[in-house]
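Asker: fold the following.
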Amino acid sequence: MRTKVDLCGVDTAKLPVLKHEEMRKLFIQLQSGQEEVRDQLVMGNLRLVLSIVGRFAYRGEQADDLFQVGCIGLLKSIDHFDLSHNVRFSTYAVPMIIGEIRRHLRDHHPLRVARSLRDIAYKAMQAKEQFINEQLREPTLSDLARMTGLPQEDILFALDAIQEPMSLHEPIYSDGGDPVYMMDQLKDNAVSEERWLTYVSMKENVMKLDERQQKILAKRFYYGETQTEIAKELGISQAQISRLEKSAIKMIQKQMSQTDN
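Answerer: Numbering: from 1, shown residues only. Below you'll find the predicted structure:
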């Protein structure tokens, strides 16, 4: 018996699957001007989109919406696929479809992220997509920095800021019995519950700071840079860095004390 699942009015159980040689013939026809075969390529790869959408379940988005966004990535892949690369279409299309879905999730992120950080992340994601298309492998952080002309730490900070929050109730493993949820993996006898709550509260309060203060704290306490080094990078005086750092710490301390009360 087949299971009928409708997405955007499409019965996914009836979706066709194209073999590699069939796909290649259709692309040859399409790239020779036979536009009518484009629909065949789309329908023959909707299962690919469906499989990728499954990776983004439990992110608070409707499957129909993600399926539509994934189809946009599929269409872009079909339009730009180059047979001369001698790779399977799925190898080329998967990162394109994933990139389209991630952009959608980023633009509809439930947490407020500074526009400048989003712009940096967008440039990095574009560079990553271009790199994968050209090199057929994942780029390193230094590759992205070279392509965008941006510092590695800025790219890392921006990409981290736009990550989708993961639900504690997201299942991460199942062997056919009861699933194991994310929250089941958080127990740590070496770290008390109070310390976990402090960490979560601290992270939330840091996110309330302005972008410059967040950047200064990250460079000081995550990357271990001195106030003088940060001042040179940001083009302001060491005294200003000191004032901004102290102000940010005081704001966090104030918020933490209010939480405790």
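Asker: hey, let's count contacts and neighbours off CA atoms from now on
Answerer: Fine.
Asker: can you pull out the low-pLDDT segments for the stretch 51-200 of the chain?
Answerer: 57-61, 109-113, 163-197, 199 (pLDDT under 70).
Asker: now the helices for it?
Answerer: 63-80, 89-107, 115-135, 141-148, 152-161, 193-207 (DSSP state H, counting those that start in this stretch).
Asker: got those as JSON lines, with distance to Thr226 and mean neighbour count columns?
Answerer: Below are those laid out as JSON lines (distance: least, C-alpha to C-alpha, whole Å; neighbours: other C-alpha atoms under 10 Å):
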{"stretch": "helix 63-80", "distance to Thr226": "43", "mean neighbour count": "19"}
{"stretch": "helix 89-107", "distance to Thr226": "32", "mean neighbour count": "20"}
{"stretch": "helix 115-135", "distance to Thr226": "23", "mean neighbour count": "17"}
{"stretch": "helix 141-148", "distance to Thr226": "22", "mean neighbour count": "16"}
{"stretch": "helix 152-161", "distance to Thr226": "15", "mean neighbour count": "17"}
{"stretch": "helix 193-207", "distance to Thr226": "19", "mean neighbour count": "13"}
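Asker: got those helices as TSV, with distance to Leu18 columns?
Answerer: As requested, those are exported to TSV (distance: least, C-alpha to C-alpha, whole Å):
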stretch	distance to Leu18
helix 63-80	14
helix 89-107	11
helix 115-135	22
helix 141-148	34
helix 152-161	35
helix 193-207	47
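Asker: what's the closest of the ones you listed to Met43?
Answerer: helix 63-80 (10.0 Å; C-alpha to C-alpha).
Asker: show me what the closest one is packed against.
Answerer: strand 6-7, helix 38-43, helix 46-53, helix 89-107 (3 or more C-alpha pairs under 8 Å, 6 or more residues apart in numbering; DSSP states H and E).
Asker: can I get the ones you listed in a markdown table including distance to Ser237?
Answerer: Shown next, in a markdown table, are those (distance: least, C-alpha to C-alpha, whole Å):
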| stretch | distance to Ser237 |
| --- | --- |
| strand 6-7 | 56 |
| helix 38-43 | 57 |
| helix 46-53 | 48 |
| helix 89-107 | 34 |
